[in-house]
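**Student:** Take a look and give me a structure for this.
(chains A and B)
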Amino acid sequence: MSVHTIVVESVIPLSAEQKKDIAALLKKKFGTEKFVERINPDILGGVRILADSTQYDASLAGKLQQLRNL
Amino acid sequence: MDIKLDQIIFQIINFGVVFGALTYFLYKPVTKLLEERAQKVADAEKATAHALREKDEIESLKGKTKSQAEKDAAKVLEKAKEQAAQLKKELEKQAKDEIRSEKEKAMKSLEAEKASMAREMQKEFAQAVYAVAEKLLGKAVDKKAHADLIDKSLKELAKA
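**Tutor:** All right, here's what the predicted structure looks like:
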């Protein structure tokens, strides 16, 4: 699966270890380790990965939204 | 006593004339009358016998017709009873089906209402949780907790 841009959102800046883990994860899923880090307080906690039109949401805001949508 | 031939001949002729006249004028009409009467009696007997036979036939036919009519009436009555029983069964079944259908409808409506109420409650609860969590996370969560949340999220994504 080839993607142009991968954005990883979090509330606070990612640590080196976390960046390493994310790179490994992206390599496994998209075949690339490159990503853009973005701070987004709206996600409340956790991370959200945006790869072109695909979204992997493991943020607290996403979970709360799921709960809200029940 | 003298036997005179001419007188004998005269008597013979006289007797013959009288005999002929009687035969012609009396015997034949009477005989004819008697034959006609006998014929009439025979005809009347025949007519009577015929009438009696007809009467017997009519009686027999009447009996058969009555018997057949009774049988037909019994059959019609039996059929009407069967139809009435069948109709009763059908009406009962129809009524039961309608009651069951109405009951099912009511149950479905009730279930739908319950589900709707549950969804509404869940939604309201989720909104309340969301509002509380939003406020708490906005103010109270520190960097360490955020880092832990990120690690946890990464583990989830790795599993997905």
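
**Student:** Could you pull up the residues touching the single nearest residue of chain B relative to chain A?
**Tutor:** At 3.5 Å from chain A, residue B:153 is the closest residue in chain B, using Cβ to the nearest Cβ. All C-beta atoms are positioned from the backbone trio N, CA, C, and that covers glycine. Counting by Cβ atoms under 8 Å, 6 or more residues apart in numbering or on different chains, residue B:153 touches A:45, A:46, A:47, A:58, A:59.

**Student:** Could you check which helix or strand contains residue B:116?
**Tutor:** helix B:28-139 (DSSP states H and E).

**Student:** Can you list the buried residues in the helix or strand that that helix is followed by?
**Tutor:** Counting by DSSP H and E, the element after helix B:28-139 in chain order, helix or strand, is helix B:143-159. Within helix B:143-159, the residues scored as buried using 16 or more other Cβ atoms under 10 Å in any protein chain shown are B:146, B:147, B:149, B:150, B:151, B:153, B:154, B:157.

**Student:** Please apply the same query to stretch A:45-54.
**Tutor:** A:45, A:46, A:47, A:48, A:49, A:50, A:51.

**Student:** in terms of contact, does the second one touch residue A:10 like I think?
**Tutor:** Yes. At 7.4 Å, residue A:46 and residue A:10 qualify as touching, with contact defined as Cβ atoms under 8 Å.

**Student:** Report the set of residues contacting both of these two.
**Tutor:** With Cβ under 8 Å, 6+ apart, residue A:46 and residue A:10 have common neighbours residue B:150.

**Student:** Where does pLDDT dip in chain A?
**Tutor:** Applying pLDDT under 70 to chain A picks out residues A:1-2, A:68, A:70.

**Student:** Helices along that one, start to end?
**Tutor:** A:16-30, A:60-68 (DSSP state H).

**Student:** Next, the residues that contact the first one from outside, please.
**Tutor:** What it means is helix A:16-30. A:1-3, A:6, A:8, A:14, A:32-35, A:37, A:47, A:49, A:51, B:147, B:150-151, B:154, B:157-158.

**Student:** give me that answer again for 6 Å
**Tutor:** With Cβ atoms under 6 Å, 6 or more residues apart in numbering or on different chains as the test, helix A:16-30 has contacts from A:1, A:3, A:6, A:8, A:33, A:35, B:150, B:154, B:157, B:158.

**Student:** Need the pLDDT of the residue of chain B closest to chain A.
**Tutor:** Per-residue confidence (pLDDT) for residue B:153: 87.

**Student:** The one 5 residues further on now?
**Tutor:** With respect to pLDDT, residue B:158 has a value of 83.

**Student:** got the contact list for residue B:57?
**Tutor:** No contacts exist for residue B:57 under Cβ under 6 Å, 6+ apart.

**Student:** what about it, distance to residue B:43?
**Tutor:** Distance of residue B:57 to residue B:43, computed by Cβ to Cβ, to the nearest Å: 21 Å.
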